[in-house]
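Next one to model:
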Amino acid sequence: MRLRTSIGLGFLLSTVLALPAFAAWSITIEQPSGVDQQGDWLLTAPNSTTFSAHQEVSRSISGAGSGYYTLTVTPPNDAETSIQFYDATDSLLKTVAGTQATFFSSGAENMTIRIRYRWTSVLTVESDPSRAGFTLRNGTQILATGVTPQSFSNLQPGLYSVDYHPLRGCTPPRSQSRSLTESATLHFIGDYNCGTERPVVTPPAPVPPTLPGIQPQPTSNLTLYFDTNQSEVLPGGTVQVTLGVRNTSRSTLNNLTLTQLFNQSEVTLQQVLPQGGAIRGSSAVWDVPQLFAGQSWTVTYPVRISDRLKTGGSVHLTAEVSGPDVNVGNDALRSRKLVIGVTMLPKTGAGVLAFALFFAASAALTTTLSARRTPVVASTSR
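Coordinates of the predicted model:
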């Protein structure tokens, strides 16, 4: 009997030693912000332990155990908030709109949570005469330097100032400072004193479009941008879609309409869309009353993929631009299409193997000790 016991314990020790070492796992919470603004968050672990952070860009938490967690966010200045979950390979798993999310962690794999903020306020800078240089600041931080007219969105509420650059033969206006509030539009207008004669302002060289991947066509007076933050998504997952248009001409475009078409059996859009968008049947529609020369207009919004879709399939979205002043040379530039693949979660082979080896080792221990008729007492400690 002792020989059998020794053999059994020897098998157990060799099996345990052969188990792969579990790497230290963690939950990392990040607050990336293009305007350098972070909020506060509170994370409640399954054992009721809480972790909190005050305006931290990034923080990692380890060893909190497996189970359901609840994350509650207090955004800065009432910003629109979304919470994105990424796996160990930095692939987006899901997006939750709002300031609270409950999620499950196995306690064996790394996870990254990114809290993103968006403000719906709009700031415009104009001058008389137009095409004058300016510098836009938020406090002491320079946000942009360009020529009028220009428009900016996704700005945090706060105090902004504009310095207008000199024009030959004119006295520039004084610096202007104003407060931007949530969901508001703030206009800066600078009047140059040029006497009785209007100055001749030489326009700067054409500026490439700020929207990525788009180059203006010679016969077109605008470019249409339509893209998503990921090319694949799980059934029931959410992707962030960006739709935009840029005026590449030297004149103002009036009464533009941007439309995104979708299949209601495949995707769902929120009823209240940012930037004044509206759902009309199987279309999301935005009206842009005026787009100045060189100006861009963009909107980003969540699109939820139906959980009834099968993996391996795809979702097709189409965006179009129309208006009385639209001149794109050919119809192919009036619309753009997106294809989003529906995929499945990758299987984690290492975790399955470790569990199988651990189960085998436990079985060997139980068999060996049962042969000796010795009771086994398990104890736990907090």
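
Name the SS class of Gln271, please.
Three-state secondary structure (criterion: DSSP: H, G, I helix; E, B strand; the rest coil) places Gln271 in coil.

is it true that Asn77 lies in a strand?
No: note on Asn77: no strand contains this position according to three-state DSSP, which reports helix.

how much space is there between the nearest residue to it once chain neighbours are set aside and Pro76?
Nearest residue to Asn77 in three dimensions, chain neighbours excluded: Pro157, at 4.6 Å (C-beta to C-beta, 6 or more residues apart in numbering). From N, CA and C alone the C-beta is placed, and that goes for glycine too. With distances defined as C-beta to C-beta, to the nearest Å, the gap from Pro157 to Pro76 amounts to 9 Å.

sorry, back to before: hang on, isn't the residue nearest to Asn77 packed against Trp119?
Yes: A contact is recorded between Pro157 and Trp119 when judged using C-beta atoms under 8 Å, the distance being 6.8 Å.

And the next helix or strand past the helix or strand harbouring Tyr117?
Following DSSP states H and E, the helix or strand that holds Tyr117 is strand 111-118. Moving toward the C-terminus from strand 111-118, the first helix or strand encountered (DSSP H and E) is strand 122-128.

so what strands line up beside that next one?
Each strand that strand 122-128 pairs with, and the sense of that pairing, follows from DSSP bridges: strand 150-153 (antiparallel), strand 185-191 (parallel).

In that strand, which residues are buried?
Residues of strand 122-128 classed as buried: Val122, Leu123, Thr124, Val125, Glu126, Ser127 (neighbour count, 16 or more other C-beta atoms under 10 Å).

Which residue is the nearest non-sequential neighbour of the fourth one?
By the measure of C-beta to C-beta, 6+ apart, the closest residue to Val125 outside its immediate chain neighbours is Phe188, 4.7 Å from it.

Let me know how buried the one you found is, in neighbour terms.
Phe188 is surrounded by 22 other residues when neighbours are defined as other C-beta atoms under 10 Å.

my guess is it contacts Val162, does it?
Yes: with contact defined as C-beta under 8 Å, Phe188 reaches Val162; the gap is 4.5 Å.

got any residues that touch both of Pro157 and Trp119?
Residues touching both Pro157 and Trp119 (C-beta atoms under 8 Å, 6 or more residues apart in numbering): Asn77, Glu182.

With neighbour numbers in mind, choose between those two.
Taking other C-beta under 10 Å, Pro157 and Trp119 do not tie; Trp119 has more neighbours (25 against 19).

picking that back up, go through the strands paired with strand 122-128 and pick out the most buried.
A comparison of the strands paired with strand 122-128 by mean neighbour count, using mean count of other C-beta atoms under 10 Å, puts strand 150-153 on top with a mean of 18.

Ends of stretch 89-98, what's the gap?
In stretch 89-98, first residue to last residue: 25 Å (C-alpha to C-alpha, to the nearest Å).

That stretch: which residues count as buried?
Those would be Leu92, Leu93, Lys94, Thr95, Val96, for stretch 89-98 by 16+ other C-beta under 10 Å.

Please name the residues that touch the second one.
Okay, so that is Leu93. By C-beta under 8 Å, 6+ apart, Leu93 lies in contact with Phe85, Tyr86, Asp87, Leu234, Gly237, Leu345.

Spell out which residues sit in contact with the fifth one, please.
With contacts defined as C-beta under 8 Å, 6+ apart, the neighbours of Gly237 are Leu92, Leu93, Lys94, Thr95, Arg304, Ile305.

now it: how far from Ser151?
Between Gly237 and Ser151 the distance, using C-beta to C-beta, works out to 32 Å.

same thing with the fourth one?
Taking C-beta to C-beta as the measure, Leu234 and Ser151 are separated by 36 Å.

give me the element Gly244 is part of.
Here Gly244 is covered by strand 238-247, with elements defined by DSSP H and E.

And the average pLDDT for that strand is what?
Per-region confidence: strand 238-247 scores 88 on mean pLDDT.

coming back round to it: from the contact counts, what lies against the strand holding Tyr117?
Packed against strand 111-118 by the contact rule (3 or more C-beta pairs under 8 Å, 6 or more residues apart in numbering; DSSP states H and E) you find strand 26-30, strand 80-86.
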